[in-house]
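# what follows is a predicted protein model with its sequence.
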Amino acid sequence: MLFGHFSFSAGEHTRAKAACIHTRLVAELNTSDWGVKEANFQVIREADCPAVLVEVAFINLHQKRTVSS
């Protein structure tokens, strides 16, 4: 039922870390790979240390309709 996940980094200094985490999640969770993206989210931009944000195991609209039925 799980559809996929994204990983977000705040820039080049965290992109390698995000890619490493993302690759492992794809392998372990067997979800669709929606890639590593760069984003200016406050939660990762304002962190006092290198930060990565991961959106894990969301479902798409078709799956939601199937579950709701």
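Ah, there it is.

# what's the spacing between stretch 23-38 and its chain's center?
Offset of stretch 23-38 from its chain centre (Cα atoms, centre = their mean, to the nearest Å): 7 Å.

# export the helix ranked longest in the chain as CSV, just CAs?
If you go by DSSP state H, the chain has its longest helix at helix 12-29. C-alpha atoms of helix 12-29 as CSV (Å, rounded to 0.1, in the frame of the first residue of the first chain):
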residue,chain,number,x,y,z
GLU,A,12,24.9,21.0,-1.6
HIS,A,13,26.5,20.5,1.9
THR,A,14,23.7,18.1,2.9
ARG,A,15,22.8,16.6,-0.5
ALA,A,16,25.3,13.7,-0.1
LYS,A,17,23.8,12.8,3.3
ALA,A,18,20.3,13.0,1.9
ALA,A,19,21.2,10.8,-1.0
CYS,A,20,22.8,8.2,1.3
ILE,A,21,19.7,8.1,3.6
HIS,A,22,17.3,8.1,0.6
THR,A,23,19.1,5.2,-1.1
ARG,A,24,18.9,3.1,2.0
LEU,A,25,15.2,3.9,2.5
VAL,A,26,14.3,2.9,-1.1
ALA,A,27,16.1,-0.4,-0.6
GLU,A,28,14.6,-1.2,2.8
LEU,A,29,11.0,0.0,2.3
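
# what does that helix rub up against?
With contacts defined as Cβ atoms under 8 Å, 6 or more residues apart in numbering, helix 12-29 is touched by 2, 5, 7-9, 31, 33, 35-36, 38, 44, 50-52, 54, 56-57. The way it works is simple: take the backbone N, C-alpha and C, and place the C-beta from them, glycine included.

# I'm done for today, thanks for sticking with me.
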